[in-house]
Every structure is written in structure tokens, then in C-alpha cells.
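> Sequence first, then the predicted structure:
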Amino acid sequence: MTSWPEYIGGYRRSALLDCFAKGVCETFLAARPGESTPDTELTVIAPPPEDAELFFLRVDEVAGLVDLYGRLQHPAFEKVFDIGRADHLAFIASEHLQGVPLSALAPRPDSAMIDIGVAAALVASAAEAIETAHALQDGDGRSLRIVHGFISAKRIVLTAEGRVVVRGLLRERLVGGFHRYTKSSDGIEGAHPLVDIDRLVSMPPEVWGAPHTEYADVYALAAVLFELTTGARYLGWEAKNLVDLLQLVRNNGARRPSSIVPSYPPELETLLFGVLRQGHRRTPVPAGTFARSLRDFAERHGATPERVQLFVHRLFAHAP
């Protein structure tokens with residue numbers, strides 16, 4: 001387990017924001033080089049010595065994507081400032097977002113249901129960003145095949161300014177290499193194979209273990225909207241481990257939204273299932289088509305930009 005230095009790559013770390021694995025992969029609030037105000041999120045990774053050489057090759061590969069990532073120029077992607085290494089550590093610096101993940105807006109037994117039109121509008125914003133990534137081309141007009149691969153309700157943030165931000169397009173390419181560690185409340189428990197259930201339920205079973213595709217991103221967005229409007233996961237809603245999850249998949253354990261929320265709009269249920277059950281053998285629904293369908297649905301249900309902004313204002317009205 002690593003004891004983190006105060007300065008990493010010129011960034012001065014301060015408060016801990018997130019812990020993927022204690023002493024191995026953690027995210028801190030940090031001040032940029034030459035600045036005193038901590039306004040940056042700094043994710044720091046300490047690869048095990050036996051994996052360090054290959055891991056730092058991966059760091060160099062992902063660092064080379066920063067300029068390409070900047071070409072996306074979409075407000076719904078978090079800003080990434082820097083990716084690099086400092087001695088035996090790797091780091092990625094990105095903007096610090098003040099907001100709530102969409103997972104926090106999903107209905108709970110003690111909370112009200114989010115307006116379904118507003119929910120559709122929020123996910124439509126994320127889908128529009130993903131469409132931009134999928135459409136990015138090189139100088140010869142060939143697709144760069146930019147795929148997120150790890151979208152979930154926890155990785156989409158709604159800010160107090162009303163921005164819907166998809167996180168982790170680059171971060172996940174580094175952090176995702178640490179799945180062989182398992183974490184307890186005390187931190188790291190050992191180095192052995194681990195399957196992250198949260199990641200698996202965000203991907204269609206047809207592509208588990210296969211390279212991520214545009215279809216996986218659109219599937220994940222539909223799964224996010226399912227969770228946001230029902231309070232339940234589309235797949236893996238009872239899974240506590242990999243065996244449970246595989247059994248659910250084998251028994252087709254997914255539920256229709258209307259089985260959870262009887263008043264669920266049939267047109268939205270049809271739209272979601274058109275994505276969630278299309279399978280990898282059929283022509284997948286593109287992110288742009290999904291985004292436009294959600295926008296149309298949101299407008300028909302009165303979720304104008306003004307109404308969405310009113311929702312955001314009320315959500316953050318009592319925030320400190």
C-alpha cells in the first residue's frame with residue numbers, strides 16, 4: 001500500500017474524494033501547478049511492481065489521447081487537463097465537478113419519482129455527447145472508434161449549472177486495469193481475479209469479455225434511464241455476486257419498467273427495450289438516434305429546457 005506524497009506531478013493534493021482501492025488508486029481534490037486553489041480532481045494510481053512496465057506503457061498510450069479528447073469540444077464531457085507519471089505513480093487530472101450523479105436521482109422507497117420527461121432529457125444530453133465521440137474521425141475521414149465502455153448512472157453527473165457531464169472517457173482506461181484488486185472497508189484485501197458487478201450490469205451480456213463497441217455505450221445509456229425512472233437496475237437487480245448475475249442472465253432475469261412502475265409510458269418502455277434487447281447480431285441503434293428519440297419524448301411530456309432548468313434549481317436550492 002502506498003503513502004501518497006503531497007505533490008504529484010506538480011499537483012498539490014488535499015482532500016480525499018474517492019477510493020477505488022486504498023493506497024493503490026484514489027482520487028483527491030488538488031491544486032494545479034502554480035495555483036493555490038484546489039479546483040482539480042487528481043486520480044493517482046500505484047501499479048504493483050510486477051505490472052509497472054506494462055502499465056506505464058498504457059499510461060503513455062492514454063496520455064496520447066488527451067489532445068484527441070480535447071477535439072470532442074462537448075460540454076457534456078468532463079475536461080481532462082493532464083495524464084502522466086511521477087516516479088512510480090501515474091495520475092490523471094480533470095475538472096472538479098460540483099453536482100450529483102444520476103444514480104442519486106433514481107427513486108428510492110423514501111423519495112419521489114423524478115419527472116419522467118426530465119429524466120429522458122438528462123439522458124438525451126449524455127447520449128448527444130456519446131454521439132459526438134462515436135462520430136469523431138481522423139484526417140482521412142476514418143472513424144476513430146472512440147467508445148466509452150463504462151457508462152453508468154454513477155458516471156453521469158448533473159451540475160448545479162445544469163450541465164450533464166459524462167465522466168471517465170479517459171480515466172476508465174487507466175482505472176479499469178485495477179479490477180484484479182478487491183477492496184474492503186480497510187482497503188486492499190489481496191490481488192486476485194475480481195469481476196466488477198457494477199461494470200457488468202452496465203454492458204450488454206453479448207459483449208462481456210469482448211472489445212467494447214458503440215452498441216455497449218447506447219445499451220448503457222438505456223440502462224441508466226431504466227434505473228433513473230424505476231429505481232431498479234435493468235439487469236442484475238438481485239445480483240450480489242457474479243454467480244447470481246450469470247444466473248439472472250441465463251433465466252432472462254430482466255424486468256419491464258411497467259412491472260415496477262405500472263403507469264410507465266408504453267412508448268418509453270418500447271424505446272428502452274428496443275435498445276436493451278436488440279443483441280449484438282442486429283444493427284444497433286446509434287447514439288444520435290437514441291438521443292433524438294429521447295428529446296422527442298421529453299418534449300411531448302413537457303420537459304422544455306426551462307422546465308429542466310427549474311428542476312435543477314430546485315434540486316440544488318438547499319445545497320450548501
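Okay, I see it.

> sec struct for residue 47, please.
coil (DSSP: H, G, I helix; E, B strand; the rest coil).

> and it, what does it touch?
Residue 47 makes contact with 55, 56, 88, 90, 177 under the criterion C-beta atoms under 8 Å, 6 or more residues apart in numbering. From N, CA and C alone the C-beta is placed, and that goes for glycine too.

> make it 6 Å
Residue 47 is in contact with residue 55, counting by C-beta atoms under 6 Å, 6 or more residues apart in numbering.

> what's the answer for residue 8, then?
44, 86, 91.

> Next step: these restricted to strands.
Judged by DSSP state E, the contacts of residue 8 include 44, 86, 91 as members of strands.

> what about the last one, how many neighbours?
Okay, so that is residue 91. Residue 91: 23 surrounding residues under other C-beta atoms under 10 Å.

> Show the contacting residues for it.
8, 9, 42, 44.

> which one of these is nearest residue 225?
residue 42 (31.2 Å; C-beta to C-beta).

> And what about the residue nearest to residue 18 when sequence neighbours are not counted, helix, strand or coil?
The shortest distance from residue 18 to any non-neighbouring residue, by C-beta to C-beta, 6 or more residues apart in numbering, is to residue 27 (4.1 Å). Following three-state DSSP, residue 27 is assigned to strand.

> Then residue 255?
With three-state DSSP as the basis, residue 255 sits in coil.

> Quick check: pLDDT value at it.
At residue 255, the model reports a pLDDT of 75.

> Same question for the one 4 residues further on.
We have a pLDDT of 86 for residue 259.

> Just read off the phi/psi values of it.
phi -80, psi -10 (degrees, to the nearest 10).

> From residue 46, how far out is residue 20?
With distances taken as C-beta to C-beta, to the nearest Å, residue 20 is found 11 Å from residue 46.

> So between those two, which is more surrounded?
Set side by side, residue 20 and residue 46 show more neighbours around residue 46, with 21 against 17, by other C-beta under 10 Å.

> separation between the more buried one and residue 22?
Applying C-beta to C-beta, the value for residue 46 to residue 22 is 11 Å.

> hang on, residue 297 is in a helix, isn't it?
Yes - read with three-state DSSP, residue 297 is one of the residues of a helix.

> any idea of the pLDDT on it?
Looking at residue 297, its pLDDT is 97.
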